[in-house]
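Undergrad: Okay, predicted coordinates and the sequence, questions at the end:
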Amino acid sequence: MHVLQRLRAAGNMSLVMVLTARSSVGDRIAGLNAGADDYLPKPFDLDELVARIYALQRRRKIEQDRILYCGALSYDTIVGAPYLDGKPLDLTPRENALLCALMRTPGQAQARDRLSLQVFSGEEAASSEAIDVVVHRLRKKLATSGSELMTMRGVGYLLRDRASMQKGFPASVHQDPVSVAPKIDTLPNEVKSLPTTETED
């Protein structure tokens, strides 16, 4: 379990299933508290192992869909909260709505009219300049974030991560161990691709 604890302490959030002969309730609790995503004692049925692997991947997919990323910026779509380097970012409701819309397609331009509908939803028709005012205010608040809110003349606006563009990565790619983890396609690959921590018998 010490290896698993060091992984979590280092910020590695890769999926981990513990396969072990230690089956007591205390051992299971210790494994889960150490950071395991699942704990399966021996002996176990291979079909159960595969089912648990799929369950872990479904859970991670839900988590990934919930959080939007663009460099140091993140956005929790469930609670509607933006963060910069993990700390809450203070925005007005309209700035918040604009950032959420742009972070759904980082690196891709969105039309001004479309953004206006999302930012001023439920309100009276806003003037063509209204969205520009919100963009200007949000741009000032993102000045030190490492993300750039760009104006694409004749098209609209886009949000991109400067560091990712300089490294040659698409702005929409969040480089972390989870997002680049291999997909599971067949039974042999499923068993081999899942990070596991196995204790002594």
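TA: Sure, I can see it. This one's a predicted model, so the numbers in the text were calculated from it and none came from an experiment.
Undergrad: burial measure for residue 66, as a count.
TA: 12 (other Cβ atoms under 10 Å). C-betas here are computed from N, CA, C, even on glycine.
Undergrad: check contacts around it.
TA: 76, 77, 78 (Cβ atoms under 8 Å, 6 or more residues apart in numbering).
Undergrad: Can you flag which of those belong to strands?
TA: If you go by DSSP state E, the contacts of residue 66 have residue 76 in strands.
Undergrad: Just the buried ones among the contacts of residue 66, please.
TA: Neighbour counting with 16 or more other Cβ atoms under 10 Å marks none of these as buried.
Undergrad: Lowest-confidence one in the contacts of residue 66?
TA: Ranked by pLDDT, the contacts of residue 66 bottom out at residue 78, which scores 85.
Undergrad: From residue 147, how far off is that residue?
TA: 21 Å (Cβ to Cβ, to the nearest Å).
Undergrad: secondary structure class for residue 50?
TA: Secondary structure, DSSP: H, G, I helix; E, B strand; the rest coil: residue 50 is helix.
Undergrad: how about the helices of this protein, start to end?
TA: With DSSP state H, the ranges of helices along the chain come out as 2-9, 25-33, 46-66, 93-103, 112-119, 130-141, 162-167, 187-193.
Undergrad: Output the first one in CSV with nothing but the alpha carbons.
TA: Coordinates of each C-alpha in helix 2-9 appear next as CSV, following Å, rounded to 0.1, in the frame of the first residue of the first chain:
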residue,chain,number,x,y,z
HIS,A,2,3.0,2.3,0.4
VAL,A,3,3.5,2.5,-3.3
LEU,A,4,-0.2,3.5,-3.8
GLN,A,5,0.0,6.1,-1.1
ARG,A,6,3.1,7.6,-2.7
LEU,A,7,1.3,7.7,-6.1
ARG,A,8,-1.6,9.6,-4.6
ALA,A,9,0.6,11.9,-2.7
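Undergrad: who's in contact with it?
TA: 14, 16, 18, 31, 34, 35, 36, 197.
Undergrad: now it against helix 25-33, angle please.
TA: Counting by axes from the mean of the first three to the mean of the last three Cα atoms, to 10 degrees, helix 2-9 lies at 30 degrees to helix 25-33.
Undergrad: What average pLDDT does helix 2-9 get?
TA: 80.
Undergrad: and that helix, which residues are buried?
TA: For helix 2-9, by 16+ other Cβ under 10 Å, it's 4, 7.
Undergrad: helices and strands of the chain: which one has the lowest mean pLDDT?
TA: Every helix and strand of the chain was ranked by mean pLDDT, DSSP states H and E. The lowest is helix 187-193, at a mean of 44.
Undergrad: Report the residue ranges of every domain in this protein.
TA: 2-66+185-197, 70-167 (automatic domain parsing).
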